[in-house]
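Colleague: quick one, fold the following:
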Amino acid sequence: MVAVVCAAACAGTRQTASGGAAGTGGGSSTSGGVGGADGGGVVFAHYDGPPPSYDASMDTPMRVVGSTPLGDAACAAQTQKAQQIPLDIYVMLDTSASMSDPVGMTMTSKWTAIRNALTTFFRDPASSGIGVGLQYFPIETPNVPDTCGANTDCGASGPCDFKKICEGGTDVVFCTTDADCGVNAPCVRLGLCSQNQTLACTAFGTPCTSRRDVCTALDGYCHGRDSCSPAAYAAPAVEVAALPGAATVLTTSLGAHMPDGLTPTAGALSGAISHAQALAKANAGHRVVVLLATDGLPSECTPTDDMGLASIAASGLAGTPSISTFAIGVFGAPDQMIGQTTLNTIAAAGGTKQAFVVSSQQSNVEQVFLTALNSIRTAALSCEFKVPTAAAGQTLDYYAVNVQFTSGAGQTVTIGNVHDKTACDARQGGWYYDVDPAKGTPQNISICDTSCTQLRGDPAGRVDVLLGCKTEVIIP
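Modeller: Residues are numbered from 1 along each chain as shown. Predicted structure coming up:
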């Protein structure tokens, strides 16, 4: 964990064009983006007013190349310990029937392994302070039969749907109509071999691997049994609350659930993002993310295609407030390649680059799933901090804020400011406010991905936020 200290600087000290602090003896830090620059440091500029990244109409400023002292030692009048932005995670957990399948060569089910991993995560001291909430999918409609053979079996919850796959392909691809299959049409009802039930088939009544291993049609499923409504999934089974206090109610809820049903991913993901946005609005200053944990491909509720699901995650990321979507998948051999593609597409659209995928063929699913949870915790927490407050009787100048990183070896560099996330430099990194100071009051400081990667790679390092010296801005 990177230690964080904010240094509040005294008023009246300003940065000169050459980079030295007027009226001071300079300082010990050097200007150089954590992400690195072309051999000699980051290109910065100092301003007496708002940087041009906030006002494009300003004249081109003087450029100051790295190795200029910021003067932090002379400026600092007091220090504050910065607060990392509180993290809230809304977990949308798959409890479809396939969660009952065993992992590896053991008698342990995927559900047991995942439930144990979550329980360990909730009770881990490293999770203390994180808010966690929980909902499951599918949410089932009461008094609807588990299976059906005809529409009449379902009553008002019909019609009776049957799982279908594209008959012409080599992989198992679920479909609703021939149009879903393209060149791999037709879309036909799915069956399983009676003895070797890991094999899908479509020619009912014919042998699979032997005369006794016959292709048998799967029972149908009442169309209205599993809810597709985002509103249903936006209502949590356990509302977000801080660990470790919330651990007991979370683990009790997990213990009361058993796998059943299909996989209505679209409704579940939409509802999760909706609730996360409501939480973020109600808890200003918190970072709220969604964690989608699933073991199967979307099998009901539109959209079921990758791009359609990605659009749901993308809308959450682009929304106000922005919600990131993390994803963990636990897949068997038949689904692993397709499942990884689907979840990677969702994660990329949700701003978290790629999913964590666990093979259910290995016996240590619980530990690998827990490792994924820990990685998500680190990724979500590491690089967002609250804007520190000015000293008593002083007003904070948002254009006189600088962010520095001191490595575990004692080398200090200045991380340059950029306008927003879209302006982050791929090589030099940077940092930005959650709100443009020209338009509102910033609450948070976010470190760009390139800089954040190096911060995470040096757990002995320290981040300092300095107030009073004119902001150093990365010039593209």
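
Colleague: find the centremost residue of this structure, please.
Modeller: Nearest to the mean C-alpha position of the chain, by Cα atoms, centre = their mean, lies residue 326 at 3.2 Å.

Colleague: confirm that one sits in a helix?
Modeller: No. Residue 326 is assigned strand when assessed by DSSP: H, G, I helix; E, B strand; the rest coil, not a helix.

Colleague: can you give me the buried ones in stretch 285-299?
Modeller: 286-299 (16 or more other Cβ atoms under 10 Å). No exception for glycine: its C-beta is placed from N, CA and C like everyone else's.

Colleague: actually stretch 468-476, sorry about that
Modeller: If you call a residue buried by 16+ other Cβ under 10 Å, then stretch 468-476 has these buried ones: 468, 469, 470, 471, 472, 473, 474, 475.

Colleague: what's the neighbour count on residue 462?
Modeller: Using other Cβ atoms under 10 Å, residue 462 has 17 other residues around it.

Colleague: backbone torsions only: list them for it.
Modeller: Main-chain dihedrals, residue 462, degrees, to the nearest 10: phi -140, psi 140.

Colleague: how close does it sit to residue 455?
Modeller: Here residue 462 is placed at a distance of 10 Å from residue 455 (Cβ to Cβ, to the nearest Å).

Colleague: now do residue 409
Modeller: From residue 409 to residue 455 the distance is 14 Å (Cβ to Cβ).

Colleague: which residue of this protein lies farthest from its centroid?
Modeller: residue 211 (49.0 Å).

Colleague: name the element that residue belongs to?
Modeller: Assigned by DSSP states H and E, residue 211 belongs to no helix or strand.

Colleague: now the one 4 residues further on
Modeller: The secondary structure element spanning residue 215 is strand 215-217 (assigned by DSSP H and E).

Colleague: would you mind checking the average pLDDT for that strand?
Modeller: If you average the pLDDT over strand 215-217, you get 93.

Colleague: that one packs against which elements?
Modeller: Packing partners of strand 215-217 (3 or more Cβ pairs under 8 Å, 6 or more residues apart in numbering; DSSP states H and E): strand 191-193.

Colleague: so what touches the helix or strand following the strand it packs on?
Modeller: Using DSSP H and E, the helix or strand that directly follows strand 191-193 along the chain is strand 200-201. Strand 200-201 has contacts (Cβ atoms under 8 Å, 6 or more residues apart in numbering) with 165, 172, 190, 191, 192, 193, 208, 215, 334.

Colleague: for this structure, which spans come out with low pLDDT?
Modeller: 1-82 (pLDDT under 70).

Colleague: let's go with 50 and repeat that
Modeller: 1-33, 36-49, 51-78 (pLDDT under 50).

Colleague: and the helices in it, which stretches?
Modeller: Remark: helices assigned in the chain by DSSP state H are 72-75, 110-123, 230-234, 247-255, 265-282, 306-318, 333-349, 365-381, 449-456.

Colleague: may I see the ones you listed arranged in a markdown table, with distance to residue 138 as well?
Modeller: Output for the helices of the chain, formatted as a markdown table (distance: least, Cβ to Cβ, whole Å):
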| stretch | distance to residue 138 |
| --- | --- |
| helix 72-75 | 55 |
| helix 110-123 | 14 |
| helix 230-234 | 9 |
| helix 247-255 | 16 |
| helix 265-282 | 8 |
| helix 306-318 | 16 |
| helix 333-349 | 17 |
| helix 365-381 | 20 |
| helix 449-456 | 35 |
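
Colleague: which among those is found nearest to residue 443?
Modeller: helix 265-282 (11.8 Å; Cβ to Cβ).

Colleague: with just CA atoms, put that closest one into PDB.
Modeller: Output of helix 265-282 as PDB, limited to C-alpha atoms (Å, rounded to 0.1, in the frame of the first residue of the first chain):
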ATOM      1  CA  THR A 265     -26.800 -11.200 -17.700                       C
ATOM      2  CA  ALA A 266     -28.200  -8.100 -19.400                       C
ATOM      3  CA  GLY A 267     -30.800  -7.400 -16.800                       C
ATOM      4  CA  ALA A 268     -28.500  -8.100 -14.000                       C
ATOM      5  CA  LEU A 269     -25.700  -5.900 -15.300                       C
ATOM      6  CA  SER A 270     -28.000  -3.000 -16.100                       C
ATOM      7  CA  GLY A 271     -29.600  -3.200 -12.600                       C
ATOM      8  CA  ALA A 272     -26.200  -3.400 -11.000                       C
ATOM      9  CA  ILE A 273     -24.900  -0.300 -12.800                       C
ATOM     10  CA  SER A 274     -28.200   1.600 -12.000                       C
ATOM     11  CA  HIS A 275     -27.900   0.900  -8.300                       C
ATOM     12  CA  ALA A 276     -24.200   1.800  -8.300                       C
ATOM     13  CA  GLN A 277     -25.000   5.200  -9.800                       C
ATOM     14  CA  ALA A 278     -27.600   5.800  -7.200                       C
ATOM     15  CA  LEU A 279     -25.200   4.900  -4.500                       C
ATOM     16  CA  ALA A 280     -22.500   7.200  -5.900                       C
ATOM     17  CA  LYS A 281     -25.000  10.100  -6.100                       C
ATOM     18  CA  ALA A 282     -26.000   9.600  -2.500                       C
END
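
Colleague: which secondary structure elements does it contact?
Modeller: Right, helix 265-282 is packed against strand 87-94, strand 131-137, helix 230-234, strand 287-294, helix 306-318 by 3+ Cβ pairs under 8 Å, 6+ apart.

Colleague: pull out the buried positions in the shortest one.
Modeller: Across helix 230-234, burial judged by 16+ other Cβ under 10 Å covers 230, 232, 233, 234.

Colleague: give me the contacts around that helix.
Modeller: Contacts of helix 230-234 (Cβ under 8 Å, 6+ apart): 92, 135, 137, 139, 227, 267-268, 270-272, 274-275, 278.

Colleague: from the buried residues of helix 230-234, pick the one nearest residue 309.
Modeller: Distance to residue 309 across these (Cβ to Cβ) is lowest for residue 230, with 13.0 Å.

Colleague: who are the contact partners of residue 195?
Modeller: By Cβ under 8 Å, 6+ apart, the contact list for residue 195 reads 208, 209, 210, 212, 213.

Colleague: repeat that with 10 Å
Modeller: Contact partners of residue 195, counting by Cβ atoms under 10 Å, 6 or more residues apart in numbering, are 208, 209, 210, 212, 213, 214, 216.

Colleague: quick one, which of these are buried?
Modeller: For the contacts of residue 195, buried by 16+ other Cβ under 10 Å: 208, 213, 214, 216.

Colleague: tell me how far the second one lies from residue 207.
Modeller: I take that to be residue 213. For residue 213, the distance to residue 207 - Cβ to Cβ - is 6 Å.

Colleague: list residues touching both of the two?
Modeller: 193, 194, 201.

Colleague: could I get those in CSV, plus columns for distance to residue 439?
Modeller: Compiled in CSV, the shared contacts of residue 213 and residue 207 are given as follows (distance: Cβ to Cβ, whole Å):
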residue, distance to residue 439
193, 63
194, 66
201, 61
